[in-house]
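# Sharing a model prediction with you, sequence too.
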Amino acid sequence: MMYKSFYGYLMGIILRYVNNSYDGEELVNDSFIKIFKSIDGFQAPNNASDLQKIFKGWIAKIASRTAIDKLRTLKNQAYVDDLSEAEHPVTHVSVASDLHVQDILKLLNHLPETHRLVFNLYEIEGFADDEISKMMNIPESSSRVYLTRAKNKLRTLYLKTQVNSYEKNG
């Protein structure tokens, strides 16, 4: 029952990290194995109305870390220690409200794997640069550079999408 109830939710989380459904299915199943093995460690809240929200957060954390572990084992990561943050200044992006979830996932899937991973951890999962650096075994400055590059690439991809959309509808 739990598998059926939360399969789609975990698949949505996993697909932010991998860009094909076959790997997604494998990682969701791996996540459920970890969830079932460690369910006795879940701390239920005192307020029963918060149970589902807290449980979803707990399983989401397991799923995202499962995906990160898998990606880490699949690929040797190149580091960007030689780059300074000054070379890649942080810029802010204004996101249009007409983007749909599928559009965002498509844009994220065009990012290099490490950029996508750092972007997900920072912007979606809410981890800090120091936490990301520990999870991925990279310097903290590299985490910031990857994030900046991911945002710049997403901005470029978004603008290209808007131009193509305008040309098709124009």
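Okay, I see it. Numbers count the residues shown, from 1 in each chain.

# For the residue most central in space within the chain, which residues are in contact?
Centroid-nearest residue in the chain: residue 120, 2.8 Å away (criterion: Cα atoms, centre = their mean). Going by Cβ atoms under 8 Å, 6 or more residues apart in numbering, residue 120 touches 16, 17, 64, 108. Quick note: C-beta positions are derived from backbone N, CA and C, even for glycine.

# do residue 140 as well
By Cβ under 8 Å, 6+ apart, the contact list for residue 140 reads 129, 130, 132, 133.

# Just the buried residues out of these, in ChimeraX syntax.
A single ChimeraX command selects the buried members of these (16 or more other Cβ atoms under 10 Å):
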select :129,132,133
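
# ok so, going back, for the contacts of residue 120, work out which two are farthest apart.
Taking Cβ to Cβ as the measure, the contacts of residue 120 span a maximum distance of 13.8 Å, between 64 and 108.

# Give me the more crowded residue out of those two.
Neighbour totals were compared for residue 64 and residue 108, and residue 64 leads with 24 against 21 (other Cβ atoms under 10 Å).

# That one and residue 105, how far apart?
As judged by Cβ to Cβ, to the nearest Å, residue 64 and residue 105 stand 15 Å apart.

# mind checking how far residue 153 is from residue 102?
Counting by Cβ to Cβ - residue 153 and residue 102 are separated by 19 Å.

# of the two, who's got more company?
More crowded of residue 153 and residue 102, by other Cβ under 10 Å: residue 153, with 18 against 8.

# Return the per-residue confidence for the more buried one.
Residue 153 carries a pLDDT value of 89.

# need the contact list for it.
Residue 153 makes contact with 110, 111, 112, 115, according to Cβ under 8 Å, 6+ apart.

# Which of these fall in strands?
Per DSSP state E, strands hold no members of the contacts of residue 153.

# Can you say which of these are buried?
Buried among the contacts of residue 153 (16+ other Cβ under 10 Å): 111, 115.

# What is the nearest of the contacts of residue 153 to residue 28?
Checking the contacts of residue 153 against residue 28 by Cβ to Cβ gives residue 111 as the nearest, at 21.2 Å.

# So which helix or strand of the protein has the lowest pLDDT on average?
helix 101-109 (a mean of 76; mean pLDDT, DSSP states H and E).

# Which residues in that one does the neighbour count mark as buried?
So, applying 16+ other Cβ under 10 Å, buried residues of helix 101-109: 107, 108.

# most residues in a single helix of this structure, which one?
In the chain, with assignment by DSSP state H, the single longest helix is helix 140-169.

# the inter-axis angle of that helix versus helix 101-109?
Interaxial angle, helix 140-169 versus helix 101-109 (axes from the mean of the first three to the mean of the last three Cα atoms, to 10 degrees): 130 degrees.
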